[in-house]
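>>> What shape does this take:
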Amino acid sequence: AIAYFLALDMEHTPTQFIRAFTILMLATWIMQVGFMPMAGAAMIYYCFQGLKGEYPTLGACFGVAFARLLPLIGVNFLTGILIALGSMLFMVPGIILLCMYSITSPIVVVERIGVTAAMRRSIELTKDYKWTIFGVYFVLGMIFSVVMMGLQCNMMNSMKAAGMPNLNMMKFYILFPNLLYIFTSGLLSVIYIVMYTKLRNIKEATQLEDMAKAFE
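Modelled structure (predicted):
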């Protein structure tokens, strides 16, 4: 989808641009719903195995992720809807729900429980630590906003200097947020693992080695 979109030039018709953009957005949606949860789960497995001094293959990581794919999609879908609905109510309820459900994915993978059980477990572990979790999201959000603002200003200046819309800049402006999303998702997966392990250690005195035994 990305290659098809980048191959477009000014000779292509608006219909072809719309078709390419639609394919790109559809591919992005599929990646967000299916691939990114799997990639996050694979990363969780790799990190926990690394704690034992073992370094599994990519196939082994995605094998574990695939086994938990449906619960992962379910928990991401359900919490996403709740957070979106909460955000419509003056934003604050959405932020609270985001903090409450921030570690559902590691819970699904490590503890091998269902969707609603993982959501209840996340609420339990994040209790009294929502402000700390909010601080992490706030810092990441500020970094993301600065990068996007810089990109937007750069694009506008480039278009102004050219005196007309620059096709390559427009392509980059459309693709960059998706690439940034992939990077941010990977970073968030690591942060979720750290949150999960820290909260279990603080609240339950569970050591990392004990958590890693879940994959034996």
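>>> For residue 93, list the residues it contacts.
86, 87 (C-beta atoms under 8 Å, 6 or more residues apart in numbering). In this view, the C-beta of every residue, glycine as well, is placed from N, C-alpha and C.
>>> pLDDT below threshold where in this protein?
Residue ranges of the chain with pLDDT under 70: 1-21, 23-34, 151-152, 155-156, 158-182.
>>> Find the residue at the geometric middle of it.
residue 185 (3.2 Å; C-alpha atoms, centre = their mean).
>>> how far away is it from residue 43?
Separation of residue 185 from residue 43 (C-beta to C-beta, to the nearest Å) stands at 10 Å.
>>> What segments of the protein are helices?
Per DSSP state H, the chain carries helices over the ranges 2-6, 14-30, 36-51, 58-67, 69-88, 92-100, 104-111, 115-126, 130-162, 167-204, 208-212.
>>> Just say which of those helices is most tucked in.
helix 104-111 (a mean of 25; mean count of other C-beta atoms under 10 Å).
>>> From the chain's centroid, how far away is that one?
15 Å (C-alpha atoms, centre = their mean, to the nearest Å).
>>> Would you mind pulling up the elements that it packs against?
helix 36-51, helix 69-88, helix 115-126, helix 167-204 (3 or more C-beta pairs under 8 Å, 6 or more residues apart in numbering; DSSP states H and E).
>>> Include distance to residue 136 when you put those into CSV, please.
As requested, these are arranged in CSV below (distance: least, C-beta to C-beta, whole Å):
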stretch, distance to residue 136
helix 36-51, 16
helix 69-88, 16
helix 115-126, 12
helix 167-204, 6
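>>> Those helices: which one's closest to residue 140?
helix 167-204 (7.1 Å; C-beta to C-beta).
>>> Give me the phi and psi for residue 57.
Torsion angles at residue 57 (phi, psi; degrees, to the nearest 10) stand at phi -70, psi 170.
>>> Next: residue 112.
phi 50, psi 50.
>>> what about it, neighbour count?
Residue 112: 14 surrounding residues under other C-beta atoms under 10 Å.
>>> Numbering from 42 from now on, please.
Will do, 42 is the new start, and the previous item becomes residue 153.
>>> Now do the same contact list for it.
So residue 153 contacts 109, 255 (C-beta under 8 Å, 6+ apart).
>>> what's the distance between it and residue 237?
From residue 153 to residue 237 the distance is 14 Å (C-beta to C-beta).
>>> rewinding a little: ok, which of the helices and strands packed on helix 145-152 comes nearest residue 187?
Per C-beta to C-beta, nearest to residue 187 of the helices and strands packed on helix 145-152: helix 208-245, 11.7 Å.
>>> End to end on stretch 90-102, go ahead and measure it.
10 Å (C-alpha to C-alpha, to the nearest Å).
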